[in-house]
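Q: Structure here, sequence nowhere to be found:
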């Protein structure tokens, strides 16, 4: 029996317009199984989904960098693992100097920062409804003022993203760099991963691996799939991700969450 469900958000729970369909919202509000969103998004970008689905238990943001619970208007921090300040500075300098054509921005717990408005930040704003606060001069002092949980690099040239990922991995920093979509490379602390977040919640609830299920579509969901007994990939997931799934459900535009829960969980 499945006792806890973990849901990726973008291209999994959310449709191509970045919304949860009425049918999926109604269905998830009515089932009795606890749900945790496990997303690369910041908490503020998850608020609408938590509110619409009336979720009361722990939620995971920044790919596992921050675990929190929604307490009325506040978000109570349960677990926090930001990037190291010196690593953040090195990465931002590397990308802005060597790859000035890509979009790079970074997130603290409550704020999205960027150096400029560009194609990438505009694309992200359309998806989330949020806009970055601009900082022209990146310094260690500025980065020390608030812990940074995620660096987000957006490029519409896939080869460029692969080159950046290779260069970042050569630095041997205390980081985890994962592709969360065709155009996104997202960097968190090395231990801020979806599987570690699931392990934390599993332990706190005294659950077995066989009692856990997860839905996902991206590379950063593969480790999550390895952590649960019933991993379910969306039809729109890449072939690499599908290799780690036990079942394949319908796409995010076909209410694949409903189909997966009805057919493979309930």
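A: Perfect, thanks for sending it. From a predicted model like this one, the values you see are computed outputs, not experimental measurements. Numbering: from 1, shown residues only.

Q: list the contacts for residue 46?
A: Residue 46 makes contacts with 9, 37, 39, 59, 61, as judged by C-beta atoms under 8 Å, 6 or more residues apart in numbering. (Each C-beta comes from the backbone N, C-alpha and C, glycine too.)

Q: same deal with residue 53?
A: 20, 25, 28-29, 35.

Q: again, but for residue 184
A: Neighbouring residues of residue 184 by C-beta under 8 Å, 6+ apart: 40, 152-154, 161.

Q: go on, residue 190?
A: By C-beta under 8 Å, 6+ apart, the residues touching residue 190 are 174-176.

Q: Now do the closest residue to residue 173 other than its chain neighbours against residue 189, distance only.
A: Distance criterion C-beta to C-beta, 6 or more residues apart in numbering; nearest residue to residue 173, sequence neighbours excluded, is residue 87 at 4.6 Å. Noted for residue 87: a distance of 8 Å to residue 189, by C-beta to C-beta, to the nearest Å.

Q: Residue 226 now?
A: The value you get for residue 226 to residue 189, if C-beta to C-beta is used, is 19 Å.

Q: mind giving me the domain split of this protein?
A: Structurally, the chain divides into domains by automatic domain parsing as follows: 4-80+192-264, 85-189.

Q: Tell me the span between the first and last residue of the first one.
A: Yep, that's domain 4-80+192-264 we're talking about. 14 Å (C-alpha to C-alpha, to the nearest Å).

Q: And the shortest one, by the same measure?
A: Taking C-alpha to C-alpha, the span from the opening residue of domain 85-189 to its closing residue is 11 Å.

Q: thinking again about what came up before, who has more neighbours, residue 226 and residue 189?
A: It is residue 189, of residue 226 and residue 189, that has more neighbours when counted by other C-beta atoms under 10 Å, with 26 against 14.

Q: For the more buried one, give me the pLDDT.
A: At residue 189, the model reports a pLDDT of 95.

Q: do residue 112 as well
A: At residue 112, pLDDT is 97.

Q: Tell me which stretches of the stretch 51-200 of the chain form helices.
A: 85-98, 119-128, 140-144, 158-169, 194-205 (DSSP state H, counting those that start in this stretch).

Q: quick one: residue 186 from residue 106, how far?
A: For residue 186, the distance to residue 106 - C-beta to C-beta - is 10 Å.

Q: Which residues are in contact with each of those two?
A: Joint contacts of residue 186 and residue 106 (C-beta under 8 Å, 6+ apart) are 150-152.

Q: thought residue 67 was touching residue 81?
A: No. When contacts are counted by C-beta atoms under 8 Å, residue 67 is not listed as touching residue 81 (9.0 Å).

Q: So for those two, which residue has more residues nearby?
A: residue 67 (24 against 19).

Q: show me what contacts that one?
A: Taking C-beta under 8 Å, 6+ apart, we find residue 67 in contact with 58-61, 77-80, 197, 200-201.

Q: Please, where are all the strands along the protein?
A: 4-7, 35-37, 59-61, 66-71, 74-80, 103-107, 112-114, 133-134, 150-154, 175-181, 184-189, 212-216, 230-233, 247-248 (DSSP state E).

Q: just for the stretch 151-266 of the chain, where's the confidence low?
A: The model of the stretch 151-266 of the chain has no residue with pLDDT under 70.

Q: on that earlier part again, now, which of the contacts of residue 46 sits nearest residue 239?
A: For the contacts of residue 46, the closest approach to residue 239 (C-beta to C-beta) belongs to residue 9, at 21.4 Å.

Q: Contact partners for the closest residue to that closest one other than its chain neighbours?
A: Distance criterion C-beta to C-beta, 6+ apart; nearest residue to residue 9, sequence neighbours excluded, is residue 39 at 4.2 Å. The contact partners of residue 39, taken as C-beta under 8 Å, 6+ apart, are 8-10, 45-46, 60-61, 63.

Q: And for residue 260?
A: Per C-beta under 8 Å, 6+ apart, neighbours of residue 260: 215, 232, 247, 249-250.

Q: Roughly how far does the closest residue to residue 28 other than its chain neighbours sit from residue 252?
A: Excluding its sequence neighbours, the residue lying closest to residue 28 (C-beta to C-beta, 6+ apart) is residue 53, at 5.2 Å. From residue 53 across to residue 252, the span is 15 Å (C-beta to C-beta).
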